[in-house]
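Colleague: generate a structure from the sequence data that follows.
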Amino acid sequence: MSGICNTCGLPQEVCICQEIAKEQQKAVISVVRRRYGKMVTIVEGIDDSAIDLGQLAKILKGACASGGTVKDRTIELARQGLCA
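Modeller: Numbers count the residues shown, from 1 in each chain. All right, here's what the predicted structure looks like:
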């Protein structure tokens, strides 16, 4: 039984449970003003059991060319000026 998924009953190599869990999530993205007028983009609402938040933060920081961190199941991205 180790080759069968307990959730969907399909063999492990064709199991789609992880993909369904990722597609059903809704991320909430907001921009807040912090100390000294700095703008920070907050990404929250992502279930950290299905997605590695550290890896996702790394990808977002690289794409946005900004710094950031993962705090309490949210990703905070520091914005460097206004982007068009």
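
Colleague: could I get the full set of strands for the protein?
Modeller: 28-33, 39-44, 68-71, 74-78 (DSSP state E).

Colleague: just so I know, which of those lies nearest Gln12?
Modeller: strand 68-71 (29.0 Å; CB to CB). Using the backbone N, CA and C atoms, a C-beta is placed for each residue, glycine as well.

Colleague: count of residues packed around Glu44?
Modeller: Number of residues near Glu44 (other CB atoms under 10 Å) recorded here: 14.

Colleague: how near is it to Gly54?
Modeller: 15 Å (CB to CB, to the nearest Å).

Colleague: end-to-end on stretch 64-76?
Modeller: Stretch 64-76 has an end-to-end distance of 12 Å (CA to CA, to the nearest Å).

Colleague: give the buried residues for it.
Modeller: Neighbour counts over stretch 64-76 (16 or more other CB atoms under 10 Å) mark Ser66, Gly68, Val70, Thr74, Ile75, Glu76 as buried.

Colleague: what's the farthest-apart pair in those?
Modeller: Ser66 and Thr74 (15.4 Å).

Colleague: okay, now the unreliable bits of this protein?
Modeller: 1-2, 18, 21-22, 50, 80-84 (pLDDT under 70).

Colleague: show me where it has its helices.
Modeller: Using DSSP state H, the helices of the chain run over residues 17-23, 53-64.

Colleague: flag every buried residue along the longest one.
Modeller: Looking back up the chat, that one is helix 53-64. Leu53, Leu56, Ala57, Lys61.

Colleague: turn those residues into TSV, including distance to Val31.
Modeller: Shown next, in TSV, are the buried residues of helix 53-64 (distance: CB to CB, whole Å):
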residue	distance to Val31
Leu53	19
Leu56	18
Ala57	16
Lys61	16
